[in-house]
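In: Structural data only, the sequence is not supplied:
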C-alpha cells in the first residue's frame, strides 16, 4: 500500500523523528523505499552562500543536516535515496510528491523556520492540503 514513501526533511528535531515513522511504515510493507527530500528555499540559499561561500562546503553542510535521518534508515535497513531541490518548501514538496506518484508523504509538524510558519502557515499544513496522496504529520 505505501511502497513509495516521501520523507520531507530539513534537519529539525521534528524531521528526525519522521525517520522513525518512515522506517516503521517501510517495514510493515516489506518492500518499501524512502526518498528523503530536502528543499532549500531562496533565503536559506542566500544565507548559505554568505556564511560558507564555497559550493562544496555548502553541499556538505546540507548533507550533514540529513545524516541523523540517513543513520536511522540505514540502521533499520530501509532502502532510501536523497533529493535536494531548490524552491519554496511547501509547493516544492507537493509538486515532487504528485509528479512522482508517491504513496504517502511523511513530514514533521514543525521545521527550522518558525517565522515562515507563523506568517505563511506551516509547510506541513500546505503539503497536507495539496498533496494527491495521504500525508502523515509527525509531532
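Out: Ah, there it is. Keep in mind that this is a model prediction, so the values were computed, not measured.

In: Show the low-confidence segments of this protein, by residue range.
Out: 42-54, 110-121 (pLDDT under 70).

In: 50 - rerun?
Out: Along the chain, segments meeting pLDDT under 50 span 46, 115-120.

In: Helices of that one, residue ranges please.
Out: 13-29, 42-51, 55-75, 89-99, 114-120, 123-130 (DSSP state H).

In: Next, the angle from the third one to helix 13-29.
Out: Between helix 55-75 and helix 13-29, the angle formed by their directions is 40 degrees, by axes from the mean of the first three to the mean of the last three C-alpha atoms, to 10 degrees.

In: residues in contact with the residue nearest in space to the middle of the chain?
Out: For the chain, the residue nearest the mean C-alpha position is residue 8 (1.7 Å; C-alpha atoms, centre = their mean). Residue 8 is in contact with 15, 18, 37, 39, 89, 93, 105-108, 123, 127, counting by C-beta atoms under 8 Å, 6 or more residues apart in numbering. C-beta here means a position set from N, CA and C on the backbone, and glycine is covered the same way.

In: closest to residue 82 among those?
Out: residue 37 (8.0 Å; C-beta to C-beta).

In: circling back: put together TSV for the helices of the chain, with mean neighbour count and distance to residue 81 on each row.
Out: What follows is these, written out as TSV (neighbours: other C-beta atoms under 10 Å; distance: least, C-beta to C-beta, whole Å):
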stretch	mean neighbour count	distance to residue 81
helix 13-29	19	13
helix 42-51	12	22
helix 55-75	15	10
helix 89-99	20	13
helix 114-120	12	27
helix 123-130	19	19
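
In: Please convert these to a markdown table, extending it with distance to residue 2.
Out: Converted to a markdown table, the helices of the chain look like this (distance: least, C-beta to C-beta, whole Å):
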| stretch | distance to residue 2 |
| --- | --- |
| helix 13-29 | 6 |
| helix 42-51 | 29 |
| helix 55-75 | 15 |
| helix 89-99 | 13 |
| helix 114-120 | 27 |
| helix 123-130 | 16 |
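
In: do you know which of these lies nearest residue 136?
Out: Comparing the helices of the chain by C-beta to C-beta, helix 13-29 comes nearest, at 6.4 Å.
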